[in-house]
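K.L.:
predicted structure and sequence below. I'll ask about it afterward.
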Amino acid sequence: MIDKLIMYMQFTFVQYALIVGVLIALCSSLLGVTLVVKRFSYIGDGLSHVAFGAMAIASVLNLTNNMWLIMSVTIVSAILLLKTGQNAKIKGDAAIAMISVGALAFGYLLMNIFLTSANLTGDVCSTLFGSTSILTLTKEEVLLCIVLSVLVIILYIFNYNKIFAITFDENFSKSTGVNADRYNLLIAVMVSVIIVLAMNLVGSLLISALVIFPAISAMHLFKNFKMVSISSAIFSVLCAFMGMITSILAGTPVGSTIVAVNVVSFLLCYLTGLIRGRLSK
Amino acid sequence: MALLTAQNLSLGYDSNVLIENINFTVNPGDYLCIVGENGAGKTTLIKTLLNLREQLSGQILIGDGLKKNEIGYLPQQTELQKDFPASVKEIVLSGCQGRCGFRPFYNKEEKELVKINMDRMGITDLADRCYRELSGGQQQRVLLARALCATKKLLLLDEPVAGLDPKVTSEMYSLIKDLNKDGITIIMISHDIEAALCYASHILHISGEMFFGTRDEYMVSDAGKIFLMQQKGGQNND
């Protein structure tokens, strides 16, 4: 098995996949904690469906570089969704549900009407579950992913204290003169970037898992925000790495294997938390 | 000069006026209690004073060298804070965020301030505990320590004793009283008219008939008499 692994590791596409996978897992887990405690767990799902819709439009228009269109449409939706969180006529969860299902339906409709590919179902399926695209990355895509992920990580670290404060108590932050809207915008943009990147890895149906599972697992084990953030990043990277290795060795689909590993790690953390809680009583 | 002055303030949502013609002044060292029935607009008033929302008309003037972002705020607890994974220290530290401006990390001076204020609130030994595991009274102390990190002069408290048991409530009141004695001006919303009359130096009554004046003036005013009678009547019916 080790021999097989070493052999696979020599392929550039496997190396690319591992680099991209680990980076995306790291980024998505960073913002996961904020989204989960703000009750925005489903935003990843919603936005990824928007990204799917945008991708459908891009392929219908025959754009060669569809990244920019997808990215901008997703960012705009993220801003709208996070804005509705506070005081809108349509409440946050309903807004997310509307946008996500609407975008999914229109995306599929467009692809079905305008694309004459022989394997339409296969195309749609791979966009939804990210089955192969992670293994067919080009050098440019890998570079773009590295640049954007590093940017997200740096932005997160430099704004960590403000993000924490605003997540915990937005009104208090505003009262001390912090421009909370600007930081919410930053969070929205970062979430969108991560989601568009993550579509390649796990596909648009499973993105939420990357955002939510590491955060929830970490929240079962640790009790302060810093440790939760750090450990959620570590969990996420480990799970993504193990998931990818497993999928390469066992020939299973990449996205769903990563998510499965995440689910198992969550169960382990949940049990650990439970046992520790019992012991301390 | 007055620390804070409201002139002909009127508040509301969209075009619905909730309250109009609010006039009051707060001088350094005052202890102002805002009383009124539920839904009268007490929290809306506090949020307007903090610049969290716009007034429909009127003016809020601040003076005596107070800056808009130097007001300490103790909000009512939100649902999401109840399962928030954060340590006491992290939360108190977040009271210093206004001082940072664009600086991304807290400096030594701010960490020192956190220590002083945690000590002042008697929560130093809770520093590494998780916020969601604390009792209601301890949580309020944490939020009060955070508010103290944001101000040296003025605290705005929104129902600081909501949901606390009688013993903890009176501890909380005496804690606030001590802060007031140390020279911090207090503006507090309260349901508890008796405590308000016991501790406050001034009363602002904002439902039905508007009233602003000292505590003694309130006791003999019409607004005060009616409200006190209603409250007492209400308690007898319970």
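P.N.:
Nice, I can see it. Residues are numbered from 1 along each chain as shown, chains lettered A, B, ... in the order given.

K.L.:
just list the residues touching A:Phe158, thanks.
P.N.:
If you count contacts by CB atoms under 8 Å, 6 or more residues apart in numbering or on different chains, A:Phe158 has them with B:Pro104. (Glycine included, C-beta is placed from N, CA and C.)

K.L.:
low-confidence stretches in the chain?
P.N.:
If you meant another chain, say so; for now it's chain A. Within chain A, the stretches with pLDDT under 70 are A:64-65, A:84-92, A:116-120, A:122-123, A:126, A:130-134, A:281.

K.L.:
let's do chain B instead
P.N.:
Checking chain B against pLDDT under 70 turns up B:1, B:232-238.

K.L.:
interface residues of it facing chain A?
P.N.:
B:47, B:50-52, B:68-69, B:71, B:73, B:75, B:78, B:80-81, B:83-87, B:89-91, B:93-95, B:97-98, B:100, B:104-106, B:128-130, B:133, B:146-147, B:150, B:156 (CB under 8 Å from any CB of the partner chain).

K.L.:
just the buried ones from those residues?
P.N.:
With burial judged by 16 or more other CB atoms under 10 Å in any protein chain shown, the buried subset of the residues of chain B next to chain A is B:47, B:50, B:52, B:69, B:71, B:73, B:75, B:81, B:84-87, B:89-91, B:93-95, B:97-98, B:100, B:106, B:129-130, B:146-147, B:150, B:156.

K.L.:
which of those fall in helices?
P.N.:
Within these, membership in helices is found for B:47, B:89-91, B:93, B:97-98, B:100, B:146-147, B:150, as judged by DSSP state H.

K.L.:
between these, which sits nearest chain A?
P.N.:
The shortest approach to chain A among those belongs to B:Gly98, at 3.0 Å (CB to the nearest CB).

K.L.:
tell me, what residue is most central in chain B?
P.N.:
For chain B, the residue nearest the mean C-alpha position is B:Leu157 (1.1 Å; CA atoms, centre = their mean).

K.L.:
and that residue, what are its bridge partners?
P.N.:
B:Leu157 has the following beta-bridge partners by DSSP bridges: B:Leu74, B:Met188.

K.L.:
list the contacts for it?
P.N.:
The contact partners of B:Leu157, by CB under 8 Å, 6+ apart, come to B:74, B:147, B:176, B:186-189.

K.L.:
if I look at the nearest residue to B:Glu37 once chain neighbours are set aside, how far off is A:Ser229?
P.N.:
Ranked by CB to CB, 6 or more residues apart in numbering or on different chains and with sequence neighbours excluded, the top spatial neighbour of B:Glu37 is B:Ser207, at 4.5 Å. Distance from B:Ser207 to A:Ser229, counting by CB to CB, to the nearest Å: 45 Å.

K.L.:
the two - which one has more neighbours?
P.N.:
Higher neighbour count among B:Ser207 and A:Ser229: A:Ser229, with 25 against 17, using other CB atoms under 10 Å in any protein chain shown.

K.L.:
from A:Ile75, how far off is that one?
P.N.:
Distance, A:Ser229 to A:Ile75, by CB to CB: 23 Å.

K.L.:
okay, and A:Arg100 sits in which element?
P.N.:
That one is not Arg; residue A:100 is Ser. Applying DSSP states H and E as the criterion places A:Ser100 in helix A:92-114.

K.L.:
what packs against that helix?
P.N.:
helix A:43-60, helix A:67-87, helix A:120-129 (3 or more CB pairs under 8 Å, 6 or more residues apart in numbering or on different chains; DSSP states H and E).

K.L.:
can I get those in TSV including distance to A:Val36?
P.N.:
What follows is those, written out as TSV (distance: least, CB to CB, whole Å):
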stretch	distance to A:Val36
helix A:43-60	10
helix A:67-87	14
helix A:120-129	23
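
K.L.:
out of those helices, deepest packed?
P.N.:
helix A:43-60 (a mean of 25; mean count of other CB atoms under 10 Å in any protein chain shown).

K.L.:
what angle sits between that helix and helix A:92-114?
P.N.:
Angle of helix A:43-60 versus helix A:92-114, following axes from the mean of the first three to the mean of the last three CA atoms, to 10 degrees, is 20 degrees.

K.L.:
put the alpha carbons of helix A:43-60 into CSV.
P.N.:
Extracted in CSV, the C-alpha atoms of helix A:43-60 (Å, rounded to 0.1, in the frame of the first residue of the first chain):
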residue,chain,number,x,y,z
ILE,A,43,-24.5,29.9,4.0
GLY,A,44,-21.9,27.7,2.5
ASP,A,45,-24.6,25.6,1.0
GLY,A,46,-26.5,28.5,-0.3
LEU,A,47,-23.5,30.2,-1.8
SER,A,48,-22.2,27.1,-3.4
HIS,A,49,-25.5,26.7,-5.2
VAL,A,50,-25.3,30.3,-6.4
ALA,A,51,-21.8,29.5,-7.6
PHE,A,52,-23.3,26.5,-9.4
GLY,A,53,-25.8,28.7,-11.1
ALA,A,54,-23.1,31.2,-12.1
MET,A,55,-21.0,28.3,-13.5
ALA,A,56,-24.0,27.2,-15.6
ILE,A,57,-24.3,30.7,-17.0
ALA,A,58,-20.6,30.8,-17.7
SER,A,59,-20.6,27.6,-19.6
VAL,A,60,-23.7,28.6,-21.6
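
K.L.:
wait, B:Arg129 sits on B:Glu90?
P.N.:
No: B:Arg129 is beyond contact range of B:Glu90, at 10.9 Å (criterion: CB atoms under 8 Å).

K.L.:
re the thing from before, may I see the helices and strands packed on helix A:92-114 organised as a markdown table, with distance to chain B added?
P.N.:
Shown next, in a markdown table, are the helices and strands packed on helix A:92-114 (distance: least, CB to the nearest CB, whole Å):
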| stretch | distance to chain B |
| --- | --- |
| helix A:43-60 | 15 |
| helix A:67-87 | 10 |
| helix A:120-129 | 31 |
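
K.L.:
which one of those lies nearest to A:Thr136?
P.N.:
With respect to A:Thr136, and counting by CB to CB, the nearest of the helices and strands packed on helix A:92-114 is helix A:120-129 at 9.9 Å.
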